[in-house]
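*Asks:* here is the input, now give the coordinates:
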Amino acid sequence: MKHVSLLLALLLGACATAQRPDLPIGMTLPELLWRIQQGEAVLARLPAPLEERTVRQENIHDPRQIDTVRQLAYPGLLLTVYEPGGDSARQMVTAVIVTEPGLATAEGIQVGSSLQELSDAYGQADLLEGDEYVYRPEGSSLGSVRFRVQGERVVRMEWEFYVD
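*Replies:* Take a look at the predicted model:
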């Protein structure tokens, strides 16, 4: 049940929906994650990224279709966006990666948090892959949440979303 609590805290722990100019994306991390989970077109709500990288690749289901994958960089935050068939009207966020302090989960976990704080907030990880503590909430389009830990501190947080 701890994993259901994790998912609910991540998605329903969103702060007020008003944009926050003090944050690099104008909203809190829990709000961003909640909006992605709800299927909202979050990219229209975000400021222009500092940097953008685009890759075109063959679709895994139909090799005749070419898809677009974009990576949008903000201060301490990287979003990966999938556009099937290169259709910008069908943008789906597939990953959210946080690499700097300042963007915290609803429980207050952020880059720089201790391993003990992570454990207190989310319990035992479902999987330990090298230096990553992986949580897999059930019954959701959220595939997994990964916390990379080095020297007993969180150095990276990643949310992966199913889009198939």
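*Asks:* so R35: helix, strand or coil?
*Replies:* When classified by DSSP: H, G, I helix; E, B strand; the rest coil, R35 comes out as helix.
*Asks:* so how many other residues sit close to it?
*Replies:* If you count neighbours by other Cβ atoms under 10 Å, R35 ends up with 18. Where you see a C-beta, it was placed from the backbone N, CA and C, and this is true even at glycine.
*Asks:* identify the residue nearest it in space, chain neighbours excluded?
*Replies:* Leaving aside its sequence neighbours, R35 sits nearest to V42 (Cβ to Cβ, 6 or more residues apart in numbering; 4.8 Å).
*Asks:* roughly how far apart are that neighbour and L118?
*Replies:* Relative to L118, V42 is positioned 25 Å away (Cβ to Cβ, to the nearest Å).
*Asks:* same question, G151
*Replies:* Using Cβ to Cβ, we find G151 at a distance of 13 Å from L118.
*Asks:* same question for A48.
*Replies:* 32 Å.
*Asks:* who are the contact partners of the spatially most central residue of the chain?
*Replies:* Residue closest to the mean C-alpha point of the chain, counted by Cα atoms, centre = their mean, is V96 at 2.6 Å. Taking Cβ atoms under 8 Å, 6 or more residues apart in numbering, we find V96 in contact with L29, L32, L33, I36, L77, L78, L79, T80, E158, W159.
*Asks:* mind redoing it with 10 Å?
*Replies:* Counting by Cβ atoms under 10 Å, 6 or more residues apart in numbering, V96 touches 25, 29, 32-33, 36, 42, 77-80, 103, 145, 157-161.
*Asks:* now L115
*Replies:* Contacts of L115 by Cβ under 10 Å, 6+ apart are Y133, F147, V149, Q150, G151, E152, R153, V154.
*Asks:* how close does the residue of the chain positioned farthest from its centre sit to V149?
*Replies:* Distance from the centre of the chain peaks at R64, with 29.4 Å (Cα atoms, centre = their mean). Going from R64 to V149 by Cβ to Cβ gives 42 Å.
*Asks:* can you give me the pLDDT of Q37?
*Replies:* For Q37, the model assigns a pLDDT of 88.
*Asks:* ignore what I typed, I meant D67.
*Replies:* Here the pLDDT value assigned to D67 is 88.
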